[in-house]
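Asker: Sequence below, structure please.
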Amino acid sequence: MHDPRFDQPARVLVNYSTRLKRNENVLIETFDVPDEMTIALIRAARDAGAIPFVQIHRARVSRALALDASERQLNLSARHELARMKKMDAYIAVRGSNNITELSDVPVEKLKLVAKKMRSVQDQRVKKTKWVVLRWPTPSMAQLAGMSSEAFEDFFFDVCTLNYAKLQPGMKALKALMEKTDRVEIKGPGTDLRFSIKGIAAVICGGDRNIPDGEVFSCPVKESVQGHVAFNAPTIYQGTGFDRIRLEFRDGRIVDATSNEAVKLNKILDSDPGARYIGEFSLGFNPRVLQPMRDILFDEKIAGSFHFTPGQAYEEADNGNRSQVHWDMVCIQRPEYGGGEIYFDGKLIRRDGEFLPKPLRSLNRKQ
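Answerer: Below is the predicted model:
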């Protein structure tokens, strides 16, 4: 049965996020989502005059393939997928997960091999297409959020149809401020972090890359990070749940890393030399996302949060760090999570998750 709520996010992805035009090729990839949503995207793309192509994924199938993936298999798969991606003008992904830990028993070495071999496809998609990724509500996500399925679905459609255009003035002001800033200091429970973002661009994320959205990101100068940070939002990476991650830095490099899964954490950070350096610093401010739910597309946008990302830097805000890892780790600084302060060049710009400069106050949850 068709749910009319599917049509609105489909139109957002097609008309706002990717701005599909007549005769543009778009690859629609869906992961554990209802066929009705895939069909809604096909119809929205055709209404825009675009030409839709579809790939459907199932997490249990992906796990089976990854468990015994060989270099020969992955090389052929990467060549095939890269050739297809080169024909695309846009890419829309809708990612659900019936079991968020489906890949938890796939050996880390296999996941690293898959990531390495498929990197060329990801680079083509990120650098050469108009792309957007949408999370899809599932019972497992509702469980992680501590909500009933019905309440979570209502929350999801509310968050994902936010009027992102209203955030634009504040996001532009934050981008301009970040691009004028040299020194950043972040203080809070278990956190005393110092680094520079001098000369590195800031990028607005206002519904044109991820849905939900609501962040502005930059990147630390690679060897400038000093101090330590404690993340209070739980996270999932490579199918494993991590809690209470704490990182200590010296001259940009992570020299100590602890969590409830310290061995796995450090194994991931040892994937390659760049994994122990930071590739992104971002401030999140989506007014409708308030609690962590182990889904990074939601959690990195939490109102009053920042995230700090071991691994690969984005070319739009580049410090030169390269890695197969890109792991957004989130700290929430609203009072109920312990509070905290962020300073730009010695000036307090956010306290307890609320922006203080007048041009930025429109990004606060309570305007």
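Asker: Now do the strands in the stretch 201-350 of the chain.
Answerer: 203-205, 210-211, 215-218, 226-230, 235-237, 240-242, 246-250, 253-258, 278-284, 305-310, 329-332, 341-344, 347-351 (DSSP state E, counting those that start in this stretch).
Asker: Of the ones you listed, which is nearest V14?
Answerer: Ranking the strands of the stretch 201-350 of the chain by proximity to V14 (C-beta to C-beta) places strand 210-211 first, at 11.6 Å. From N, CA and C alone the C-beta is placed, and that goes for glycine too.
Asker: Packing partners of that closest one?
Answerer: Secondary-structure packing of strand 210-211 (3 or more C-beta pairs under 8 Å, 6 or more residues apart in numbering; DSSP states H and E): strand 130-135.
Asker: Okay, now the sheet partners of the strand it packs on, with direction.
Answerer: Its sheet considered, strand 130-135 pairs with strand 90-95 (parallel), strand 210-211 (parallel) by DSSP bridges.
Asker: Could you export those strands as JSON lines, including distance to R253?
Answerer: Listed next are the strands paired with strand 130-135 as JSON lines, based on distance: least, C-beta to C-beta, whole Å:
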{"stretch": "strand 90-95", "distance to R253": "32"}
{"stretch": "strand 210-211", "distance to R253": "28"}
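Asker: among those, which gets the worst mean confidence?
Answerer: When these are compared by mean pLDDT, strand 210-211 comes last with a mean of 83.
Asker: So what touches it?
Answerer: For strand 210-211, the surrounding residues in contact (C-beta atoms under 8 Å, 6 or more residues apart in numbering) are P9, V12, L13, S17, V132, V133, L134, R135, C160, L297, K301.
Asker: and if we set it to 6 Å?
Answerer: Outside strand 210-211, the residues that touch it by C-beta atoms under 6 Å, 6 or more residues apart in numbering are V133, L134, C160, L297.
Asker: The second one: neighbour count?
Answerer: Put plainly, it is L134. Residues contacting L134 under the criterion other C-beta atoms under 10 Å number 25.
Asker: Excluding chain neighbours, what is closest to it?
Answerer: Spatial nearest neighbour of L134, excluding adjacent residues (C-beta to C-beta, 6 or more residues apart in numbering): I211 at 4.4 Å.
Asker: ranking the contacts of strand 210-211 by neighbours, who comes first?
Answerer: Ranked by the number of neighbours (other C-beta under 10 Å), the contacts of strand 210-211 place L134 first, at 25 neighbours.
Asker: ok but A44 is inside a helix, no?
Answerer: Yes. Looking at A44 with DSSP: H, G, I helix; E, B strand; the rest coil, it is inside a helix.
Asker: Please name the residues that touch it.
Answerer: A10, R11, V14.
Asker: Likewise for Y91?
Answerer: L27, R125, T129, W131.
Asker: Leaving out the residues flanking it, which one is nearest to D352?
Answerer: Excluding its sequence neighbours, the residue lying closest to D352 (C-beta to C-beta, 6+ apart) is G339, at 4.3 Å.
Asker: what's the distance between the one you found and N99?
Answerer: Here the criterion is C-beta to C-beta, to the nearest Å. By it, G339 lies 35 Å from N99.
Asker: Likewise for V325?
Answerer: 23 Å.
Asker: And for the most centrally placed residue in the chain, nearest residue in space, chain neighbours not counted?
Answerer: Closest residue to the average C-alpha location of the chain: L297 at 4.5 Å, with C-alpha atoms, centre = their mean. For L297, ignoring the flanking residues on the chain, the nearest one in space by C-beta to C-beta, 6+ apart is R135 at 4.7 Å.
Asker: Go ahead and confirm the one you found touches D299.
Answerer: No. Assessed by C-beta atoms under 6 Å, R135 is found out of contact with D299, at 10.5 Å.
Asker: any residues in contact with both of these two?
Answerer: Going by C-beta under 6 Å, 6+ apart, no residue sits against R135 while also sitting against D299.
Asker: could you check the distance from D208 over to E102?
Answerer: D208 is 29 Å from E102, where distance means C-beta to C-beta.
Asker: which residues of the protein score low on pLDDT?
Answerer: Under the criterion pLDDT under 70, the flagged ranges of the chain are 1, 367.
Asker: Indicate which one of the strands paired with strand 130-135 is closest to T240.
Answerer: Ranking those by distance to T240, with C-beta to C-beta as the measure, places strand 90-95 first at 17.9 Å.
Asker: Which SSE is immediately downstream of the closest one?
Answerer: Downstream of strand 90-95, the first helix or strand assigned by DSSP states H and E is helix 108-117.
Asker: got the contact list for that next one?
Answerer: By C-beta under 6 Å, 6+ apart, helix 108-117 touches A66, A69, L74, A78, Q238, K267, S271, Q324.
Asker: Pull out the buried positions in the helix or strand just after it.
Answerer: Downstream of helix 108-117, the next assigned helix or strand under DSSP H and E is helix 119-128. By 16 or more other C-beta atoms under 10 Å, the buried positions in helix 119-128 come out as V121, Q122, Q124, R125.
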